[in-house]
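Q: turn this into a model:
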Amino acid sequence: MSLGNIFDIAGSGMTAQSLRLNTTASNIANAETASSSTETTYRARKPVFAAIQQSMLNPDQHTFGATGSGEQGPGAGVRVEGIVESEAELQMRYEPNHPAANEDGYVYYPNVNVAEEMADMMSSSRSFQMNVDVMNATKSMMQRVLTLGQQ
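A: Next up is the predicted model:
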């Protein structure tokens with residue numbers, strides 16, 4: 001693995017965490033939206049990530065650490081597989097005077113746990129920052145390598 005690959009790996013991590021932040025923000029923004037039916041109620045969304053294997057990027061190149069037993073070599077980043085909706089039960093509240101109440105007086109609220117979403121937001125923000133730190137450290141190492149011959 002070269003130092004240049006580190007930028008690709010950290011960049012894919014930053015992209016993934018940015019998407020995670022966006023879905024978390026969407027969940028928090030819709031946490032208190034009311035609806036009269038379960039079909040139209042907002043459901044919490046979560047991104048699904050998967051590791052990109054080095055052998056998928058360069059199938060003809062032999063990667064360090066890969067074995068002949070069909071095992072994958074080192075990782076080469078992360079990709080977004082998709083965004084899934086939570087299957088957790090929706091919150092049903094009895095509010096007969098609410099404009100969105102159904103004929104029985106119930107209003108449906110999303111299955112968004114704001115405390116959990118805030119924890120996800122802090123985690124993804126910190127992960128994004130760690131990828132930035134990796135890129136900065138790599139840049140610093142590359143600059144030091146360039147100055148080795150100048151002394």
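Q: helix, strand, or coil at Val48?
A: Following DSSP: H, G, I helix; E, B strand; the rest coil, Val48 is assigned to strand.
Q: dump the residue contacts of it.
A: By C-beta atoms under 8 Å, 6 or more residues apart in numbering, the contact list for Val48 reads 80-84. The way it works is simple: take the backbone N, C-alpha and C, and place the C-beta from them, glycine included.
Q: need the pLDDT of the closest residue to it other than its chain neighbours.
A: Spatially, and ignoring its direct neighbours in sequence, Val48 is nearest to Glu81 (4.3 Å; C-beta to C-beta, 6 or more residues apart in numbering). For Glu81, the pLDDT comes out at 92.
Q: just the contacts of Val48 now: which is nearest Gly11?
A: Val80 (13.3 Å; C-beta to C-beta).
Q: hmm, that closest one is touching Pro47, no?
A: Yes: Val80 lies in contact with Pro47 (C-beta atoms under 8 Å); the separation is 5.7 Å.
Q: higher neighbour count, the two?
A: Between Val80 and Pro47, Pro47 has the larger neighbour count (other C-beta atoms under 10 Å), namely 18 against 14.
Q: burial count for Phe7?
A: Neighbour tally, Phe7, other C-beta under 10 Å: 15.
Q: please disregard the earlier target; I meant Ala137.
A: By the criterion of other C-beta under 10 Å, Ala137 has 12 neighbours.
Q: likewise Asn131?
A: Quick note: Asn131 (other C-beta under 10 Å) scores 20 neighbours.
Q: hang on, it in a strand?
A: No: Asn131 is assigned helix when assessed by three-state DSSP, not a strand.
Q: check contacts around it.
A: 10-11, 13-14, 17.
Q: Glu117 against Ala31, yeah?
A: Yes: between Glu117 and Ala31 there is a contact at 7.4 Å, judged by C-beta under 8 Å.
Q: follow-up on the earlier one: type out the PyMOL command that picks the buried ones from the contacts of Asn131.
A: In PyMOL, this line selects whichever of the contacts of Asn131 come out buried by 16 or more other C-beta atoms under 10 Å:
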select buried, resi 10+13+14+17
